[in-house]
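J.: I would like to see how this sequence folds:
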Amino acid sequence: MEIPLLSDVVIILGLAVIVILFFQRLKLPTILGFLATGVIAGPHGLSLINETHDIEILAEIGVILLLFIIGMEFSLRNLAMIKRTVLLGGSAQVLATIILVAGIMLLLKFSTGEAIFMGFLISLSSTAIVLKLLQDKGEINSPQGKTVLGILIFQDIIVVPMMLLTPLMAGGTQNIAFELLLMALKGVFVIVFVLISARYLVPKLLYLVARTKSKELFILSIVVICFAVAWLTSSMGLSLALGAFMAGLIISESEYSHQATSNILPFREIFTSFFFVSIGMLLDFAFMLQHLLPILAFTAATFLLKAFVATMAARILQYPMRISILVGLSLFQVGEFAFILSNTGIENGVLSQETYQYFLSVSLLTMAVSPFVINSYHRLSNSISSLFGSSQDPIPFDQHDAPEHHDVPELTDHIVIIGFGINGRNVAKAAKHANIPYVIIELNAVTVRHERVLGEPILYGDAVHNIILSHVNIHKARVVVIAISDPEATKRIISSIRLVSDKVHIIVRTRFVQEMEENYQIGADEVIPEEFETSIEIFTRVLSKYLLPRDQIESFTQMIRADNYDMLRSMAGRNTTGTNLDLDLQEIEVASLRVYTGDQDIVDKPLIEANIRNNFSITIVAIKREAQTILDINASTQIKTGDIVYVVGKPDDVMRFNNYLKAN
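T.: You can find the predicted model right below:
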């Protein structure tokens, strides 16, 4: 028995393996490989696929799972932390793009509905490509990374109301007011349904399922919730994708969301690959070649318009020009959600086939050049920002809005802290405790304003610029601590500091050890990689568990740091200094055990009579009783039910005594 779909699936996945292997050699994103696979295998390429409709069904499942996962990963609590970036930056970018694109389309004699809808499509950027590239560069927590993330979150959310508005723009109804009211009622119903399900129904259901400890039943329940809600919204005239997003939201508010995500993720990866392949199949390569010049012109216009709008959105968030340009160069492409939205436009007649082919061509070209642009966007940003000059007016310590440079104290022999994240805050706390003067440079304008009100000596500015460094008297400082998450900016800051002062001691916090050597060459005095410091802290606690003397542990860790972590970097973990730890220890365990037993042989009885040391071969060294800790243990000391006893002995003896305290 031959199954036509099976052969198509084998062709797509087999071809995708070859194409993506080639793309990985070129260090291009996997998504571009799937798109290229679709172009090659599609009806406008080599025509390897016969049943494109069946592939589109698999792609629709991929869309459902994609939005379902996004819904599960969407946390209102996490969103609140970057709400200003999401709401202000995201809305500015999307609305400005829609207005500008729609205006251009109207000048080109397109209908109003199609012009606005094209604005919808162009306003969306690629979450999958951009976040993957920023993650690979280690810049997801940098100022530009956080801003890009916030704007992308807004785009992912706004695509849902865009889907709801698309049928209204088609003009298929005479009573627009009635349709708007009906859509609003449907929206209210969906919101109420989500709230009730998230609060009452789904947590109880998943709790009952989780109690069975059946992985198969748990996965089945999650899939049923996803497709049931998608079917419900579809039957109401709303989209399947909207229902999948709502289903993800319902589960995201439960304690089972992380397990659900991990279970569904492998299915999503397979089915979303069909989605991107199906998009590639829709591209008419002959159409692209025939209209290559206008397509290239539209691509360049899309690049410039979206980069400009995203840059201005970052400027509205009060980021310096350099950071704003990095944001613009990250969000210039058209993203995967635009493809999902375009299908809604075609179904409702808002988008013509010719316009759709132009859209596909421009979208794929912008996605294809994204890796090259983002990989060199620091150099591009430096070149562009230099055209505007490097001077910036920092926000001084005074709490009033009008900046006056003389309000900044004339500090000497102080610490300059660059970046006020977790590490920067801890350094500031330590400096304050030690009565060492310090000043902070921070790029987040909201953080600056908030911390100034609390009395912190903080000012707004990009420390790569000499004027900011001179404003904090960098030439008179003793130490500079660079605690930011942007490797490229860190290197530029070190270079800028060394142009001003050779004597100031520069301490750099970095994420990866690979960045150490270059920072040292540029001029850093100390580079502290987080990944190795975390390992040292873990091993320090391991050694403490082996009861090594504290001075020996400290000597060991200092040896690792003094050797620039070479022991941890070497393949065999060799000891470059020839110093070894002496772990010649007896089998000794220190443990804390709770007394559950009421056995009168040991409870409420002096230790000399209970004879615990002889019977169990362990020694009680301390007892915690409620809020009191008893350290003076003698022959007359008694233990009571509910006490926590601290004992020393061999592991087997400690385990035997612990079992006695529980079982009797």
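
J.: Find the residue at the geometric middle of the protein.
T.: Residue closest to the average C-alpha location in the chain (C-alpha atoms, centre = their mean): residue 140, at 6.3 Å.

J.: wait, what's in contact with the nearest residue to that residue once chain neighbours are set aside?
T.: Closest residue in space to residue 140, ignoring its immediate chain neighbours: residue 134 at 4.9 Å, by C-beta to C-beta, 6 or more residues apart in numbering. In this view, the C-beta of every residue, glycine as well, is placed from N, C-alpha and C. Residues in contact with residue 134 (C-beta atoms under 8 Å, 6 or more residues apart in numbering) are 140, 145, 148, 330, 374.

J.: Now do the fourth one against residue 14, distance only.
T.: To tie it back to what came earlier, the one meant is residue 330. 33 Å (C-beta to C-beta, to the nearest Å).

J.: Just read off the phi/psi values of the residue nearest to residue 140.
T.: Backbone torsions for residue 134, taken as degrees, to the nearest 10, come to phi -70, psi -40.

J.: Retrieve the pLDDT associated with it.
T.: At residue 134, the model reports a pLDDT of 81.

J.: Residue 451 too?
T.: 89.

J.: same question, residue 52
T.: Residue 52 is assigned a pLDDT of 65 by the prediction.

J.: and the spatially closest residue to residue 294 that is not a sequence neighbour, how many residues sit next to it?
T.: Counting by C-beta to C-beta, 6+ apart, residue 358 is the residue found nearest to residue 294 once chain neighbours are left out, at 7.6 Å. The number of residues packed near residue 358 is 19, by other C-beta atoms under 10 Å.

J.: follow-up on the earlier one: which of residue 330 and residue 14 has more neighbours?
T.: Neighbour count, other C-beta under 10 Å: between residue 330 and residue 14, residue 330 has more, with 30 against 12.

J.: Report the contact partners of that one.
T.: By C-beta under 8 Å, 6+ apart, the contact list for residue 330 reads 125, 130, 134, 144, 148, 310, 374, 377.

J.: Quick check: closest non-adjacent residue to it.
T.: The shortest distance from residue 330 to any non-neighbouring residue, by C-beta to C-beta, 6+ apart, is to residue 148 (4.8 Å).

J.: again with residue 154
T.: Among residues not flanking residue 154 along the chain, residue 90 sits closest, at 2.3 Å (C-beta to C-beta, 6+ apart).

J.: neighbours of the one you found, just the number please.
T.: By other C-beta under 10 Å, 23 other residues sit near residue 90.

J.: Now it: which helix or strand?
T.: helix 90-107 (DSSP states H and E).

J.: Which elements pack onto the helix or strand encompassing residue 450?
T.: Assessed by DSSP H and E, residue 450 sits inside helix 445-453. The helices and strands touching helix 445-453, judged by 3 or more C-beta pairs under 8 Å, 6 or more residues apart in numbering; DSSP states H and E, are strand 438-442, strand 458-460.

J.: that's a helix at residue 480, yeah?
T.: No - counting by DSSP: H, G, I helix; E, B strand; the rest coil, residue 480 falls outside a helix, being strand.

J.: and the gap between it and residue 469?
T.: 9 Å.

J.: Could you check how far the residue lying closest to residue 101 once chain neighbours are set aside is from residue 599?
T.: In space, and not counting its chain neighbours, residue 101 is closest to residue 119: 3.9 Å by C-beta to C-beta, 6+ apart. According to C-beta to C-beta, residue 119 stands 78 Å off from residue 599.

J.: Likewise for residue 41?
T.: Applying C-beta to C-beta, the value for residue 41 to residue 599 is 75 Å.

J.: Strands of the stretch 501-650 of the chain, residue ranges please.
T.: Taking DSSP state E, counting those that start in this stretch, the strands of the stretch 501-650 of the chain run over residues 505-510, 526-529, 589-594, 619-625, 628-630, 644-649.

J.: Of the ones you listed, flag the one that's most buried.
T.: strand 505-510 (a mean of 21; mean count of other C-beta atoms under 10 Å).

J.: Not counting its own residues, what contacts that one?
T.: 423, 478-484, 487, 490, 494, 497-498, 516, 519, 523-530.

J.: Derive a ChimeraX selection command for the buried subset of those.
T.: In ChimeraX, this line selects whichever of those come out buried by 16 or more other C-beta atoms under 10 Å:
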select :423,479,480,481,482,483,484,487,490,494,497,516,519,523,524,526,527,528,529
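
J.: So for residue 32, which of the helices and strands packed on helix 445-453 sits nearest?
T.: Closest of the helices and strands packed on helix 445-453 to residue 32 is strand 438-442, at 36.4 Å (criterion: C-beta to C-beta).

J.: how far away is residue 102 from residue 111?
T.: Taking C-beta to C-beta, one finds residue 102 at 11 Å from residue 111.
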